[in-house]
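any chance you could fold what I've pasted below:
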Amino acid sequence: MARTRTSTARRYAEAVFEIAERDDTVDVWLEQLTTAAEAVSDPTVARRLEDPQIPIEERLNALLAPFGTRMLPQMGNLLALVLRRRRVESMPNIYREFRRLYNRRAGIVEATAISAAELDDAELTALRTRLEEITGGRIELETRVDPSLLGGVQVRLGDQLIDGSVRGRLERLRNMFAAGALTS
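Okay, here's the model as predicted:
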């Protein structure tokens, strides 16, 4: 089921991105999709917006309220469509897919760094610089903490994993012992 939601979000995002490129409003769309995704990120809000007991006009007005008068007309159409089709919960996924397309167009490579402890500013700068050297592009770096790594860092660039964690090194060493590549 999650795959269906993701593929639906991808289709919406691709259609919206085509419109945004055609109209030269990609940056405005990104900003407004961010607002929409944040507005419905609370599951309680999303459920209320999809509640058929509440008149559709009232729900649509509530969904459009954060934008005021600065909303693109096509954004209003998208929000009305996802509301009528009861896909409000997919707005954060639509935003993420649009952001992925935006980043690809801008030459930005998305990376996720997982470390055993919070990285300081100097470590983040060094990591970002090294990743930019590897990829040849700008890096949008998301960081997470996972104490089970023991130390070091794992970096995911798209579907590539660079494992510099202590846990990963210990697992590779254990596998080498098990395979007989190392002897005691």
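
hey, let's count contacts and neighbours off CA atoms from now on
Noted.

any idea how far residue 63 lies from residue 87?
Counting by CA to CA, to the nearest Å, the gap from residue 63 to residue 87 is 13 Å.

meant to ask about residue 169, not that
When distance is defined by CA to CA, residue 169 is 43 Å away from residue 87.

who's more crowded, those two?
More neighbours surround residue 87 than the other of residue 169 and residue 87, with 17 against 14 (other CA atoms under 10 Å).

may I have the phi/psi pair for that one?
Reported as degrees, to the nearest 10, the phi and psi values for residue 87 are phi -120, psi 30.

how far out from the middle of the chain is whatever helix or strand residue 172 lives in?
For residue 172, the host element (DSSP states H and E) is helix 166-178. For helix 166-178, the distance from its own C-alpha centre to the chain's C-alpha centre is 31 Å (CA atoms, centre = their mean, to the nearest Å).

do the same with stretch 138-155
Taking the mean C-alpha point of stretch 138-155 and that of its whole chain, the gap between them comes to 16 Å (CA atoms, centre = their mean).

same question, stretch 22-36
16 Å.

now stretch 153-168
Averaging C-alpha positions (CA atoms, centre = their mean) puts stretch 153-168 18 Å from its chain's average.

isn't residue 38 up against residue 92?
Yes. Using CA atoms under 8 Å, residue 38 and residue 92 qualify as a contacting pair, with a distance of 7.3 Å.

what packs against the top helix by length along the chain?
In the chain, with assignment by DSSP state H, the single longest helix is helix 2-23. Helix 2-23 is packed against helix 26-39, helix 91-106, with contacts defined by 3 or more CA pairs under 8 Å, 6 or more residues apart in numbering; DSSP states H and E.

quick one: those helices as a markdown table, columns for mean pLDDT too.
Rendered in a markdown table, the data for the helices and strands packed on helix 2-23 read as follows (pLDDT from 0 to 100):
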| stretch | mean pLDDT |
| --- | --- |
| helix 26-39 | 93 |
| helix 91-106 | 93 |
